[in-house]
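Engineer: Kindly generate the corresponding structure for this input.
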Amino acid sequence: MFPPILFALAAFSAVSSVGGLNILLTNDDSWASANIRPDSRVSCSATFTALKAVGHDVLMVAPAINQSGRGGTFVLPSGNITAPGGEFGSIPAVHRSLGKTSPIQTFLLGYFNGTPAAAVIWGIDVIAPMHFGSKSIDLVVSGPNEGQNNGPFLYTISGTIGASYAAVERGIPAVALSAGNSTHRSFTTNTGEVNDPANIAANLTTKFVAALAAGHKPSSRLLPLGLGININFPVFGANSNCTNPPFVLTRLTGGAVIDKLSLNSTTGLPQVSNIEAPGLNTVINGLPNLPGETPTSAGCGTAVSVFSVDYDAPALAAAPVQAHLAPLFKGPHN
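Structural biologist: Here you go, the predicted model:
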């Protein structure tokens, strides 16, 4: 029997299926990342190609340079591309801060020299209407990121997740995906082999999108308003025993870590370590019996966590605090 939240998600999509989705693809590692950008020299390459191959209409708009760790920061271009140019030399210096390569078949590959949240909003407001016309965006796919983004601490820091919750806040269903394989590499390094980590991540992404879209019809939403999904893949590939990690329903908290700083006695500089802080792993929302995404993706499991962009505390949890502060709101100044 499904856990309640999984059953609700399955029931939400239980309608007759119609064709592929209109997908806006983005990330925070740059538009030249091997995990999302196709390489025309190899037939099996990256998430863009994998989603397109199963019938989705895919539009890619991603940062011109690596913008990891920017969270939901909203920064727009202030001029042309500056030296040394786009990530991995993908855009010459002095070129415009927003643009595209030559179309690959009929699908655009666009760049935007701003933060991930700004890039996805640029895609939503300006580029998608040019590409999809009057059709709406069914889903924003952010990633797969180069490296995992487990737990609430990284939820606030990750640019990949930042792009996804910016889309959710605009009312568009979104999923953020992060891979355990963290090597920052150009799309030109994709081997085209099925066990290339970029292609494993792409195929798993496509598999998840298919499950989310099962039974979808144009008149329905893929996710309820205000909700998104965070996915963390484990480390996988040719040098790993993990090549087909199962999807596991998880929660953001539970084994999640946050940074702890100390002073290095040799260098005299701050040094960082990870700790499982109690506030970070307090169960406030969601199903307490679900495993945490951090330990799940540390093994050979793909962690799938449903998140909300409503940061208000639950009514019962907030009530004692509100009651304690009640005199403050009844003073003469009110």
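Engineer: Can you list the low-confidence ranges for this protein?
Structural biologist: 1-19, 100-107, 238, 331-334 (pLDDT under 70).
Engineer: the longest helix in it is where?
Structural biologist: helix 197-213 (DSSP state H).
Engineer: how about stretch 69-85: buried residues?
Structural biologist: R70, G71, G72, P77, I81, G85 (16 or more other C-beta atoms under 10 Å). From N, CA and C alone the C-beta is placed, and that goes for glycine too.
Engineer: Can you report how many residues lie near the closest residue to H184 other than its chain neighbours?
Structural biologist: By the measure of C-beta to C-beta, 6 or more residues apart in numbering, the closest residue to H184 outside its immediate chain neighbours is E146, 5.3 Å from it. By other C-beta atoms under 10 Å, 27 other residues sit near E146.
Engineer: Okay, E146 and A64: tell me how far apart.
Structural biologist: According to C-beta to C-beta, to the nearest Å, E146 and A64 sit 16 Å apart.
Engineer: tell me, how many neighbours does G123 end up with?
Structural biologist: 26.
Engineer: Any figure for the gap between it and T26?
Structural biologist: 6 Å.
Engineer: Equivalent analysis for G192, please.
Structural biologist: Taking C-beta to C-beta, one finds G192 at 23 Å from T26.
Engineer: Over to N285?
Structural biologist: With C-beta to C-beta as the criterion, N285 and T26 are 26 Å apart.
Engineer: Which one of these two is surrounded by more residues?
Structural biologist: T26 (32 against 15).
Engineer: So what pairs up with the more buried one in the strands?
Structural biologist: As for beta bridges, T26 partners with S142 under DSSP bridges.
Engineer: how near is it to I172?
Structural biologist: 12 Å.
Engineer: Next, show the common contact partners of the two.
Structural biologist: Here T26 and I172 have V140 as joint contacts, going by C-beta atoms under 8 Å, 6 or more residues apart in numbering.
Engineer: Keeping just the C-alphas, turn the longest helix of the chain into PDB.
Structural biologist: The C-alpha coordinates for helix 197-213 follow below in PDB (Å, rounded to 0.1, in the frame of the first residue of the first chain):
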ATOM      1  CA  PRO A 197      27.500   9.100 -15.400                       C
ATOM      2  CA  ALA A 198      26.000  12.000 -17.300                       C
ATOM      3  CA  ASN A 199      24.000   9.600 -19.400                       C
ATOM      4  CA  ILE A 200      22.900   7.400 -16.400                       C
ATOM      5  CA  ALA A 201      21.700  10.600 -14.700                       C
ATOM      6  CA  ALA A 202      19.900  11.600 -17.900                       C
ATOM      7  CA  ASN A 203      18.100   8.200 -18.200                       C
ATOM      8  CA  LEU A 204      17.100   8.200 -14.600                       C
ATOM      9  CA  THR A 205      15.800  11.800 -15.000                       C
ATOM     10  CA  THR A 206      13.700  10.700 -18.000                       C
ATOM     11  CA  LYS A 207      12.400   7.700 -16.100                       C
ATOM     12  CA  PHE A 208      11.300   9.900 -13.200                       C
ATOM     13  CA  VAL A 209       9.600  12.400 -15.600                       C
ATOM     14  CA  ALA A 210       7.700   9.500 -17.200                       C
ATOM     15  CA  ALA A 211       6.400   8.300 -13.900                       C
ATOM     16  CA  LEU A 212       5.400  11.900 -12.900                       C
ATOM     17  CA  ALA A 213       3.700  12.400 -16.200                       C
END
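Engineer: so how far is that helix from its chain's centroid?
Structural biologist: Its chain's average C-alpha position is 13 Å from that of helix 197-213, according to C-alpha atoms, centre = their mean, to the nearest Å.
Engineer: After it, heading C-terminal, what element do we hit next?
Structural biologist: Using DSSP states H and E, the helix or strand that follows helix 197-213 in sequence is strand 227-232.
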